[in-house]
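Undergrad: Coordinates for the following, if possible.
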Amino acid sequence: MDAVSVPDARISEEGNPSLAMDIARVASAVRYDDLPDAVQEKARVHLLDTFGLALASLTQPFAAPSIQGIIAAGAPGRCVVLGTGHRLSARDAAMANGLLMHGLDFDDTHMASIIHASVASLPAALSLGEHLDVSWKEMLVAYVVGMEVAIRIGAAVKGGFHEVGFHATGVVSHFSSATVAGRLLGLTASQICAAQGIAASTAAGVQVFLEEGAWTKRLHPGWGALSGITAAYMAQAGFLGPSRPYEGKFGLFETHLHGARASMDAISVGLGSEWRMLETAIKPYPICHFNHACVEASIRLSAQVRERLGEVEEIIAILPEPTLHIVAEPAFKKQRVTTDYEAKFSVQYGIAASLVRGKFGMQELSPESILNPQFAALAARVRCQPEEHTEFPKYFSGKVTVRFSNGDTLSEHIPVNLGAGSRPLSWDQVSSKFLGTAGLLLGAERSRAALDIIGQAGDSSVREVLADLAAL
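TA: Below is the predicted model of the structure:
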């Protein structure tokens with residue numbers, strides 16, 4: 001299938017090089033048939049996964065106050081809040097759905113960018129697509145374009161947002177959503193460029209939630225969707241936005257990275273012909289992706305360790321150094337988690353629970369599990385160290401070594417985390433995950449019906465698909 005060409009010279013209307021105009025030209029030009037078959041299928045798999053997570057979030061304590069607050073501040077409309085009877089304006093529905101999709105931190109991750117690609121683009125694509133009554137395929141194109149924008153911005157900074165205290169998904173979702181909305185509204189390339197410029201004034205998302213397990217991280221992609229849709233409508237109305245929101249003086253890269261360099265080529269090279277969304281990994285475990293390799297290693301060791309839990313002297317966890325400050329430090333706090341959200345970002349807890357249970361799913365984040373004294377005792381024995389040889393951020397690797405009181409040791413190393421690279425999850429595997437996540441809300445029979453509706457949505461409109469799901 002044909003690639004979408006981008007002119008060699010990245011020029012805004014003012015005559016300056018513009019990465020935003022690069023993005024805008026592709027976003028306005030690409031069609032469904034331009035997408036390679038692998039991209040189309042990848043989008044279907046990731047969309048299914050993300051829908052299931054939104055439904056599962058409704059069973060959690062954060063969901064009700066979140067939706068109530070959005071309804072109180074928002075406006076009624078025709079757009080569905082997934083899994084509920086509520087209908088809101090496109091912006092408010094996108095905000096609510098984005099919060100639900102990201103609420104469990106069980107959603108997909110682009111490893112090199114360290115961003116959650118689906119939640120950075122699907123909320124805006126879904127709700128505005130419903131509002132505009134576009135076809136499912138047209139919504140998928142916007143979703144894919146949005147994923148590509150989010151991924152490429154994240155890749156350009158090479159983890160730099162996290163290092164200076166920003167949640168990367170919270171930043172990039174404003175730009176990806178603005179591009180998604182501009183595409184669905186049929187804006188010109190110049191208008192989509194302006195929408196990105198407008199979104200630059202709202203793009204943020206601080207990581208202070210890590211200190212106490214606050215709920216604000218869940219809010220970030222939905223807030224990006226609301227802001228991006230707003231930016232696109234303002235651009236459509238003629239509102240002037242800066243044409244160089246990324247590389248311009250006091251643009252995103254300068255203001256958010258404290259002077260660190262960003263790679264402009266990561267955004268522009270291959271745009272429209274090389275689809276980096278194909279690198280995105282789906283999570284097999286409902287925790288921070290940085291913990292996955294150590295959790296998988298612990299699951300593999302579990303059968304041998306469970307018979308000797310009383311003899312465990314020390315557990316050494318080796319992870320890529322840039323991840324330690326997020327999932328392993330401060331050690332005294334990560335070893336004594338008190339909430340499910342703290343547990344998601346504690347590699348010590350993930351290792352302990354996995355060694356004892358031989359698995360890690362939603363049950364391991366229940367209040368009963370969080371307070372399990374056996375988990376706490378093992379977590380206190382975990383010592384975390386930086387990994388010397390790693391392909392991070394391409395993959396999130398990890399190694400776990402258990403040392404017993406008699407000097408015996410058991411080790412397991414996971415160089416490529418499950419779901420990434422050469423170990424992707426298939427449609428059948430993601431369908432199984434969907435039945436588990438959606439089933440928390442819908443039960444087995446209705447979740448299977450929802451799976452069929454989403455799997456066969458290709459020739460329908462967004463409004464028809466969401467109406468069918470709402471009728472379950």
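
Undergrad: where does Arg446 land on pLDDT?
TA: pLDDT recorded at Arg446 is 97.

Undergrad: what about it, is that helix, strand or coil?
TA: helix (DSSP: H, G, I helix; E, B strand; the rest coil).

Undergrad: how close does it sit to Gln60?
TA: 19 Å (CB to CB, to the nearest Å). (Each C-beta comes from the backbone N, C-alpha and C, glycine too.)

Undergrad: Where does pLDDT dip in the stretch 1-150 of the chain?
TA: 1-16 (pLDDT under 70).

Undergrad: need the strands for it, in chain order.
TA: 76-80, 87-88 (DSSP state E, counting those that start in this stretch).

Undergrad: Could you dump these into a markdown table with distance to Pro245 and mean neighbour count added?
TA: Below are the strands of the stretch 1-150 of the chain laid out as a markdown table (distance: least, CB to CB, whole Å; neighbours: other CB atoms under 10 Å):
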| stretch | distance to Pro245 | mean neighbour count |
| --- | --- | --- |
| strand 76-80 | 27 | 18 |
| strand 87-88 | 28 | 20 |
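
Undergrad: Is it possible to get a markdown table of those that adds distance to Gln196?
TA: Output for the strands of the stretch 1-150 of the chain, formatted as a markdown table (distance: least, CB to CB, whole Å):
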| stretch | distance to Gln196 |
| --- | --- |
| strand 76-80 | 23 |
| strand 87-88 | 25 |
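
Undergrad: Now do the domain split for the chain, please.
TA: 19-279, 289-414 (automatic domain parsing).

Undergrad: And the next helix or strand past the one helix or strand Phe332 maps to?
TA: Phe332 belongs to helix 331-334 when assigned by DSSP states H and E. The helix or strand immediately downstream of helix 331-334 is helix 340-344, counting by DSSP H and E.

Undergrad: elements contacting whatever helix or strand comes next after that following helix?
TA: Next along the chain after helix 340-344, taking DSSP H and E as the criterion, comes helix 347-357. Here helix 347-357 touches helix 292-305, strand 312-319, helix 331-334, helix 340-344, helix 373-379, strand 382-386, strand 398-404, going by 3 or more CB pairs under 8 Å, 6 or more residues apart in numbering; DSSP states H and E.

Undergrad: Just the buried positions in the helix or strand that helix 347-357 is followed by, please.
TA: Counting by DSSP H and E, the next helix or strand C-terminal to helix 347-357 is helix 367-370. Neighbour counts over helix 367-370 (16 or more other CB atoms under 10 Å) mark 369-370 as buried.

Undergrad: For helix 367-370, which outside residues touch it?
TA: 337-340, 343, 353, 363, 375 (CB atoms under 8 Å, 6 or more residues apart in numbering).

Undergrad: CA atoms of that helix as PDB?
TA: The C-alpha coordinates for helix 367-370 follow below in PDB (Å, rounded to 0.1, in the frame of the first residue of the first chain):
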ATOM      1  CA  PRO A 367      -7.100  -4.800  49.600                       C
ATOM      2  CA  GLU A 368      -6.600  -8.200  51.100                       C
ATOM      3  CA  SER A 369      -3.500  -8.800  49.000                       C
ATOM      4  CA  ILE A 370      -2.000  -5.400  49.700                       C
END
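
Undergrad: what distance separates it from the centre of its chain?
TA: 25 Å (CA atoms, centre = their mean, to the nearest Å).

Undergrad: circling back to that earlier point, of the helices and strands packed on helix 347-357, which shows the lowest average pLDDT?
TA: helix 340-344 (a mean of 90).

Undergrad: buried ones in it?
TA: Those would be 340-344, for helix 340-344 by 16+ other CB under 10 Å.

Undergrad: Repeat that for stretch 409-416.
TA: 410, 412, 414, 416.

Undergrad: In this structure the first one contacts Glu307, no?
TA: Okay, so that is Leu410. No. If you go by CB atoms under 8 Å, Leu410 and Glu307 don't touch, sitting 11.3 Å apart.

Undergrad: Give me the residue at the spatial middle of this protein.
TA: Centroid-nearest residue in the chain: His116, 1.9 Å away (criterion: CA atoms, centre = their mean).

Undergrad: Could you tell me what pLDDT the model assigned to the closest residue to it other than its chain neighbours?
TA: Leaving aside its chain neighbours, His116 sits nearest to Thr169 (4.5 Å; criterion: CB to CB, 6 or more residues apart in numbering). Note for Thr169: predicted pLDDT of 95.

Undergrad: my read: Thr169 touches Gly205, true?
TA: Yes. Counting by CB under 8 Å, Thr169 does reach Gly205; the two are 7.2 Å apart.

Undergrad: quick one: which of those two has more around it?
TA: Thr169 (29 against 23; other CB atoms under 10 Å).

Undergrad: Contact partners for the more buried one?
TA: 102, 115-116, 119-120, 150, 205, 220-221, 224.

Undergrad: Please, which helix or strand holds it?
TA: helix 168-184.

Undergrad: Heading C-terminal from that helix, find the next helix or strand.
TA: helix 189-199.

Undergrad: quick one: average pLDDT of the helix or strand just after that following helix?
TA: Per DSSP H and E, the first helix or strand lying C-terminal to helix 189-199 is helix 216-236. The average pLDDT for helix 216-236 rounds to 97.

Undergrad: Tell me the buried residues in helix 216-236?
TA: So, applying 16+ other CB under 10 Å, buried residues of helix 216-236: 217-236.

Undergrad: Which strands or helices does that helix pack on?
TA: Partner elements for helix 216-236 (3+ CB pairs under 8 Å, 6+ apart): helix 90-102, helix 122-132, helix 168-184, helix 189-199.

Undergrad: angle of it against helix 168-184?
TA: 30 degrees (axes from the mean of the first three to the mean of the last three CA atoms, to 10 degrees).

Undergrad: Can you get me the centre-to-centre distance for helix 216-236 and its chain?
TA: Taking mean C-alpha positions (CA atoms, centre = their mean), helix 216-236 and its chain are 15 Å apart.

Undergrad: how far away is Phe404 from Tyr349?
TA: If you go by CB to CB, the gap between Phe404 and Tyr349 works out to 21 Å.

Undergrad: quick one: which of the two has more around it?
TA: Taking other CB under 10 Å, Phe404 and Tyr349 do not tie; Tyr349 has more neighbours (31 against 16).

Undergrad: could you dump the domains of the chain to JSON lines with distance to Leu425?
TA: Below are these laid out as JSON lines (distance: least, CB to CB, whole Å):
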{"stretch": "domain 19-279", "distance to Leu425": "8"}
{"stretch": "domain 289-414", "distance to Leu425": "12"}
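
Undergrad: Show me where the stretch 1-150 of the chain has its helices.
TA: 19-29, 37-57, 63-73, 90-102, 122-132, 136-157 (DSSP state H, counting those that start in this stretch).
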